[in-house]
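Chemist: build me a structure from this.
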Amino acid sequence: MTGVRVLIVDDHELVRLALKTVIEEEPDLRVVGEACTGEDALRALENVGADVVLLDLHMPGMSGVKACEEICARWPDVRVVVLTSYDEDEEIFGVLSAGAAGYLMKDSSPDSVLHAIRSAVQGATVLDSAIAKRVIAAPHATEPDDPGLSAREHEVLDLMARGMTNHQIAHALWVSEATVKTHVSRILHKLGAPDRAQAVLEAVRRGLVSIDG
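Modeler: Numbers count the residues shown, from 1 in each chain. Sure, this is the predicted structure:
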């Protein structure tokens with residue numbers, strides 16, 4: 001059985017059921033587990049694994065921020081997309097700093113959630129439009145706006161922010177995929193980012209690219 005494996009983490013059964021119903025209607029996505037606490041989420045990842053974790057922030061026991069930190073540290077290939085009703089700065093920047101690949105509010109449309117799951121797997125960062133504005137407005141005084149990217153690296157970064165894979169970027173720019181990988185590596189280095197998602201987030205904070213939330 002193929003498809004993007006999704007773990008749903010929320011302490012409300014109706015929310016989990018609604019998300020599962022929406023996700024399992026998509027042929028390229030499948031729900032591999034559900035959890036109602038951060039601790040349960042960690043156990044589920046140990047037992048069944050996942051490609052994407054849809055994570056609420058306010059649950060009994062372990063906080064969502066702590067759960068995100070644990071997941072990103074122990075399973076760096078797993079993408080965490082926060083889906084919550086809360087938009088406190090401490091939580092937003094806590095999970096994004098920990099490595100979350102997305103932050104959506106629970107009033108987002110089903111299509112937005114599905115888009116976030118697929119984009120996260122491709123290495124893109126997806127933020128609710130209101131959250132993206134707050135990330136952009138956050139102070140970042142010690143870093144220069146432009147880290148010295150070349151014109152081509154700016155092009156690649158912009159396409160990364162749109163959620164394109166290396167293969168898609170190569171096709172769009174008429175270059176080899178190996179060349180794109182080289183550009184991506186240089187972008188990560190210049191932005192001081194460990195992966196594509198964090199590179200895009202850092203670029204958004206510096207005003208180098210925008211994310212269509």
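Chemist: name the residues that touch stretch 43-50?
Modeler: For stretch 43-50, the surrounding residues in contact (C-beta atoms under 8 Å, 6 or more residues apart in numbering) are 5-7, 32-35, 53, 71, 74-75, 78. Using the backbone N, CA and C atoms, a C-beta is placed for each residue, glycine as well.
Chemist: so what touches stretch 58-71?
Modeler: Contacts for stretch 58-71 (C-beta under 8 Å, 6+ apart): 9-11, 36-39, 41-42, 45, 53, 55-57, 78, 80, 82, 84-86, 90-91, 94-95, 98-100.
Chemist: return the subset of those lying in strands.
Modeler: 9, 53, 55, 80, 82, 84 (DSSP state E).
Chemist: what's the closest of these to Lys190?
Modeler: For these, the residue nearest Lys190 by C-beta to C-beta is Val80; the value is 24.8 Å.
Chemist: which ones are touching that closest one?
Modeler: When contacts are counted by C-beta under 8 Å, 6+ apart, Val80 touches 52-53, 55, 68, 71-72, 95, 98-102, 120.
Chemist: need the per-residue pLDDT for it.
Modeler: At Val80, the model reports a pLDDT of 94.
Chemist: show me what it bridges to in the sheet.
Modeler: Val80 forms beta bridges with Val53, as assigned by DSSP bridges.
Chemist: ok, it to Val126 distance?
Modeler: Distance from Val80 to Val126, counting by C-beta to C-beta, to the nearest Å: 12 Å.
Chemist: and for the two, which residues touch both?
Modeler: By the contact definition C-beta under 8 Å, 6+ apart, Val80 and Val126 are jointly contacted by 101-102, 120.
Chemist: make CSV from the residues you listed and add neighbour count to it.
Modeler: Listed next are the shared contacts of Val80 and Val126 as CSV, based on neighbours: other C-beta atoms under 10 Å:
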residue, neighbour count
Ala101, 31
Gly102, 30
Ala120, 26
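Chemist: which of these fall in helices?
Modeler: Members of those lying in helices (criterion: DSSP state H): Ala120.
Chemist: same list, the shared contacts of Val80 and Val126, but as JSON lines with distance to Gly207 please.
Modeler: Output for the shared contacts of Val80 and Val126, formatted as JSON lines (distance: C-beta to C-beta, whole Å):
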{"residue": "Ala101", "distance to Gly207": "21"}
{"residue": "Gly102", "distance to Gly207": "20"}
{"residue": "Ala120", "distance to Gly207": "23"}
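Chemist: buried set for stretch 191-208?
Modeler: Residues 191, 193, 195-206, 208 are the ones in stretch 191-208 that count as buried (16 or more other C-beta atoms under 10 Å).
Chemist: outline the domain layout of the protein.
Modeler: Listed by automatic domain parsing, the domain ranges of the chain are 4-137, 151-205.
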